[in-house]
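K.L.:
Structure, please.
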Amino acid sequence: MLLAKTIIRRIAPNAEIYEAANGLEALEYCRMNKPNLILMDVQMPEMNGYEATKHIRQLNPMITAPIIALTAGNVKSEKEKCLAAGMDDFLLKPIVESTLALAFEKWLHFYDVKQASHLHFDKELVLANVGNDENLMKQVLQLTRNELNDSEFEIAQALNAEDLTMLNLIGHKLYGTAMTSGLKLLAVASNEMANLEKYDRETVAEIYSKISTEIKTCLKLIS
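P.N.:
Got it, this is the predicted structure:
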């Protein structure tokens, strides 16, 4: 909880955060308030995250805020269980800043790119990687821009062909580019594509949406 709160303070410094020690406290808070987003730990005392979510979704007036599961379990059945309980998304522990920032951008739509531009494009990291040579950095970033444009086109082709192997390869290549060029959020989304184990249209479309949005953001920041 402390880690999540610390990250939120960085990526959304004006956010008001309420902390619930267990599912019952979360439910009681939602009876009286309408949060914009709920981070729901799956394992909690008194009432677990699944039960709390079901009860919150049954409240009147209805709570429509996105509920994002936080869990250490990385199995498809657990994700399906979270979604069946009424949650909207699924984040794995340990929580990292980039994945939480992506969730805020996806579900709240108010995310200020300038406020946390270092998550999208860490210029200082690129500069350090090239030995503080600004001319070399410009060359690297030009290559990065070309790679980003090519990758988006290649992903679109692989999607049309429903080619999982090609998506994995593109994701792996794009992950390497993103890490070298300080594109942190793009690296997270690309890594998801690189590690896809089967072609599920909904999952693939969601990852592609993240990558496409992030590529557009990164191109603007690099320019």
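
K.L.:
gap between the residue of the chain positioned farthest from its centre and T177?
P.N.:
Distance to the chain centre peaks in the chain at N135, reaching 32.3 Å (criterion: Cα atoms, centre = their mean). Using Cβ to Cβ, to the nearest Å, one gets 20 Å for the distance from N135 to T177. (C-beta placed from N, C-alpha, C; glycine too.)

K.L.:
Next: E78.
P.N.:
Between E78 and T177 the distance, using Cβ to Cβ, works out to 31 Å.

K.L.:
got it, and T165?
P.N.:
On the measure of Cβ to Cβ, T165 and T177 end up 19 Å apart.

K.L.:
repeat for M137
P.N.:
Distance of M137 to T177, computed by Cβ to Cβ: 15 Å.

K.L.:
And H55, by the same measure?
P.N.:
H55 sits at a distance of 45 Å from T177 (criterion: Cβ to Cβ).

K.L.:
Check S212 too.
P.N.:
15 Å.

K.L.:
And for K138?
P.N.:
Where T177 is concerned, K138 sits at a distance of 16 Å (Cβ to Cβ).

K.L.:
Quick check: the most centrally placed residue in the chain vs E192, distance?
P.N.:
For the chain, the residue whose C-alpha lies nearest the mean C-alpha position (Cα atoms, centre = their mean) is L102; its distance is 3.1 Å. Spatial separation of L102 from E192 under the definition Cβ to Cβ is 10 Å.

K.L.:
same deal with K184?
P.N.:
When K184 is compared with E192 (using Cβ to Cβ), they lie 14 Å apart.

K.L.:
what helices or strands is the longest helix anywhere in the chain leaning on?
P.N.:
For the chain, the helix reaching the highest residue count under DSSP state H is reported as helix 134-161. Using 3 or more Cβ pairs under 8 Å, 6 or more residues apart in numbering; DSSP states H and E as the contact definition, the elements that helix 134-161 packs against are helix 123-129, helix 164-180, helix 201-222.
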